[in-house]
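**Q** The following block contains a protein sequence and its predicted model.
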Amino acid sequence: MNQRKIETKIINPLIGTSIPLPRYATDGAAAVDLRACLTESRTVHPGETVLIPSGIAINIHDPGLVALLVPRSGLGIKHGIVLANTVGVIDSDYQGEIGIGIFNRGAVPYTIEPGERICQMMFVPVTQVALEVVSEFSMETERGTGGFGSTGSI
């Protein structure tokens, strides 16, 4: 396996002691689990959004890489707990603590426990582009301007 090193700064001393550092749960995992860096339980009521600290900061330093925060499927499906902004983007030049916006779309309160795995962070390549303004595209596609549902459902 080819791993890149990402500098990780511990912001809260709970990380690495009572709350484990982020890690891949299995050899085939695409993302590391981020945990709630809390000293006490935090209840999120239906329709409520809260910001949960991760206790860490990272230094990606490579503009060809981005960290994405994505929900944990079990929390979303079983409890209605999702990320407030659906996907979080940690740019390569951001070095502050990673905050995790949590939204309860469920019908009942959900209590986040200290150290609970609440989202995943994956690292993905990025290509920056230069937008070139044109009056017509150089090539038409089969789909063209067909919008939502234009390719059918089967």
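**A** Thanks, I have it. Everything numeric in this text was worked out from a predicted model, so none of it was measured.

**Q** From now on I want contacts and neighbour counts done on CA atoms only, so please keep to that.
**A** Noted.

**Q** hang on, Ile77 is in a strand, isn't it?
**A** No: the assignment for Ile77, made by DSSP: H, G, I helix; E, B strand; the rest coil, is helix rather than a strand.

**Q** tally of neighbours for Gly106?
**A** 19 (other C-alpha atoms under 10 Å).

**Q** which residues of the protein fall in helices?
**A** For the chain, helices defined by DSSP state H occupy the ranges 73-79.

**Q** Spit out the contact partners of the residue nearest the centre of it.
**A** With distances taken as C-alpha atoms, centre = their mean, the residue of the chain nearest its centroid is Leu69 (0.7 Å). Going by C-alpha atoms under 8 Å, 6 or more residues apart in numbering, Leu69 touches Val87, Gly88, Val89, Ile90, Cys119, Gln120, Met121, Met122.

**Q** Mind doing that once more with 6 Å?
**A** For Leu69, the contact set (C-alpha atoms under 6 Å, 6 or more residues apart in numbering) comprises Val87, Gly88, Gln120, Met121.

**Q** okay, now the first one: neighbour count?
**A** For Val87, the number of neighbouring residues by other C-alpha under 10 Å comes to 14.

**Q** ok, it - contacts?
**A** Val87 touches Leu69, Val70, counting by C-alpha under 6 Å, 6+ apart.

**Q** if we go to 10 Å?
**A** The contact partners of Val87, taken as C-alpha atoms under 10 Å, 6 or more residues apart in numbering, are Leu68, Leu69, Val70, Pro71, Gly101, Met121.

**Q** could you dump those to CSV with pLDDT and distance to Ala30?
**A** Shown next, in CSV, are the contacts of Val87 (pLDDT from 0 to 100; distance: C-alpha to C-alpha, whole Å):
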residue, pLDDT, distance to Ala30
Leu68, 98, 11
Leu69, 98, 12
Val70, 97, 11
Pro71, 95, 13
Gly101, 98, 21
Met121, 98, 9
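
**Q** Check the contacts of Leu69 against Thr26 and report the nearest one.
**A** Gln120 (13.0 Å; C-alpha to C-alpha).

**Q** can you map out the strands along this protein?
**A** Assigned by DSSP state E, the strands in the chain fall at 7-10, 32-35, 42-44, 49-59, 65-71, 81-83, 88-90, 97-104, 110-112, 117-125.
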